[in-house]
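K.L.:
Predicted model and sequence follow; I will ask about them next.
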Amino acid sequence: MDIGKQVKSLRKEAHLTQKEFAVRVGLGLKTIRDLEQGKKTTRMDNVNQMLAFLGYHLEAVKNEQL
């Protein structure tokens, strides 16, 4: 699942509209819509801000090949 779909799912689980989520997270409604609609150029700090509000974070992890 891509990050936009995951954020949308988590937002809905929190029973928030996009507008309510934008206000509570402190980002613009367009930023929320763009991410949820799959825009690939959303700034990582904005994604992290959304995820932090929802109790999650992104982490870069080295992929260990066996």
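P.N.:
Yep, it's here. Numbers count the residues shown, from 1 in each chain.
K.L.:
just to confirm, which helix or strand has residue 57 in it?
P.N.:
Under the criterion DSSP states H and E, no helix or strand holds residue 57.
K.L.:
give me the number of residues near it?
P.N.:
Counted with other C-beta atoms under 10 Å, the neighbours of residue 57 add up to 9. Every residue, glycine included, has its C-beta placed from N, CA and C.
K.L.:
likewise residue 19?
P.N.:
Number of residues near residue 19 (other C-beta under 10 Å) recorded here: 11.
K.L.:
from memory it sits against residue 27, does it?
P.N.:
No. Contact between residue 19 and residue 27 fails when scored by C-beta atoms under 8 Å: they sit 11.2 Å apart.
K.L.:
where along the chain do the helices fall?
P.N.:
Counting by DSSP state H, the chain has these helices, from start to end: 3-13, 18-25, 29-36, 44-54.
K.L.:
Just the buried positions in the second one, please.
P.N.:
Within helix 18-25, the residues that qualify as buried are 18, 21, 22, 25, counting by 16 or more other C-beta atoms under 10 Å.
K.L.:
Understood, closing this out.
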